[in-house]
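Trainee: Have a look at this prediction, sequence included:
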Amino acid sequence: MNIRRLLPRRGRLTATLAMTAALAISPVSASAASVVPASASVTSVFCNLTVNYPQQTASGALVSADAWVTCSGGAASAINLSLFLTRDGVIVDSVLAGGTAGASALTVTSCVPGWYQANGSATIWYPTGNIPPSDSFQWTSISVYYSCAPVPQPFTVVNPGLQWTYLYTYDTLQMTATGGTAPYIWSASGLPTNMSINPSTGLISGLANRLTNYTVTVAATDATGHTASTQFTWSVKRNPCQFC
């Protein structure tokens with residue numbers, strides 16, 4: 001079995017297969033009603049086949065696609081899962097995996113501009129007494145075009161979580177942002193009394209001098225004029241051992 005590290009994905013196509021009856025795959029998904037076992041000796045195993053459409057990594061360097069089979073009601077005697085990744089109709093990567101309770105497969109290739117498609121097929125052999133004793137299914141994903149340019153990242157201000165400071169204690173907090181276009185212009189409202197934010201660096205600092213809980217909103221505006229913000233609580237507390 002070829003084991004590879006899973007990469008991020010943004011969506012998938014799923015074919016749900018009830019393996020206790022014959023099944024014809026529709027363009028979107030299909031399922032069949034369960035067959036009630038005629039006797040206690042007849043088993044009933046259900047399996048799902050999922051094939052994700054190809055995904056480009058955020059850097060634009062790679063394209064990947066994955067697929068898996070999962071079974072409930074018991075394990076299959078054997079599962080063969082094949083996955084092919086094509087670009088403009090030509091296979092650029094493939095993998096064969098196997099298992100009994102399930103199987104997974106991942107294909108990865110360097111990104112070259114073009115149309116990408118994933119095709120997965122599974123053959124399942126069931127335990128003695130299952131209806132049917134074996135079956136084969138396949139699924140072809142939608143075709144997706146990738147130019148291989150880096151994926152734009154959303155502009156966000158990182159939330160620092162709950163903050164607290166002792167009364168009459170000098171404290172600092174460095175705010176950060178992801179995405180957008182540097183440099184950023186920072187602003188803040190609701191800061192603890194006597195604390196402020198540096199508009200160029202995003203550093204919050206000061207000596208808090210009032211006991212209360214503050215709801216702080218910090219915003220950043222990037223070089224293109226887009227703005228992102230986040231909100232968090234900052235609590236100013238009395239030092240329980242001020243002169244220890």
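Mentor: Good, I have the coordinates.

Trainee: Quick check: buried residues in stretch 126-145?
Mentor: Y126, N130, I131, D135, F137, W139, T140, S141, S143, V144 (16 or more other CB atoms under 10 Å). Heads up, the C-betas are built off the backbone N, CA and C, glycines and all.

Trainee: Just the mean pLDDT for that stretch, thanks.
Mentor: Mean pLDDT, computed over stretch 126-145, is 88.

Trainee: for it, how far is the first residue from the last?
Mentor: Stretch 126-145 stretches 38 Å from its first residue to its last (CA to CA, to the nearest Å).

Trainee: next one: stretch 193-201
Mentor: End-to-end distance for stretch 193-201: 20 Å, by CA to CA.

Trainee: buried sites along it?
Mentor: Here stretch 193-201 shows M195, I197 as buried, counting by 16+ other CB under 10 Å.

Trainee: ok, now stretch 81-95?
Mentor: By neighbour count on 16+ other CB under 10 Å, the buried set for stretch 81-95 is L81, S82, L83, F84, L85, T86, R87, V92, D93, V95.

Trainee: Which of the buried residues of stretch 126-145 sits closest to G202?
Mentor: Comparing those against G202 with CB to CB picks out V144 as the nearest, at 37.3 Å.

Trainee: doesn't P113 make contact with the closest one?
Mentor: No - counting by CB atoms under 8 Å, V144 sits too far from P113 to count as a contact (11.9 Å).

Trainee: care to break this structure down by domain?
Mentor: By the assignment in automatic domain parsing, the chain contains the domains 13-146, 156-237.

Trainee: How far off centre is the longest one?
Mentor: Between the centre of domain 13-146 and the centre of its host chain there is 19 Å, according to CA atoms, centre = their mean, to the nearest Å.

Trainee: after the worst-scoring helix or strand of the chain on mean pLDDT, next one along is what?
Mentor: Here the helix or strand of the chain ranked lowest by mean pLDDT, DSSP states H and E is strand 13-17, holding a mean of 38. Moving toward the C-terminus from strand 13-17, the next helix or strand (DSSP states H and E) is strand 46-51.

Trainee: Check which helices and strands that following strand sits against.
Mentor: The criterion is 3 or more CB pairs under 8 Å, 6 or more residues apart in numbering; DSSP states H and E, and the helices and strands that strand 46-51 contacts are strand 13-17, strand 62-72, strand 114-125, strand 134-140.
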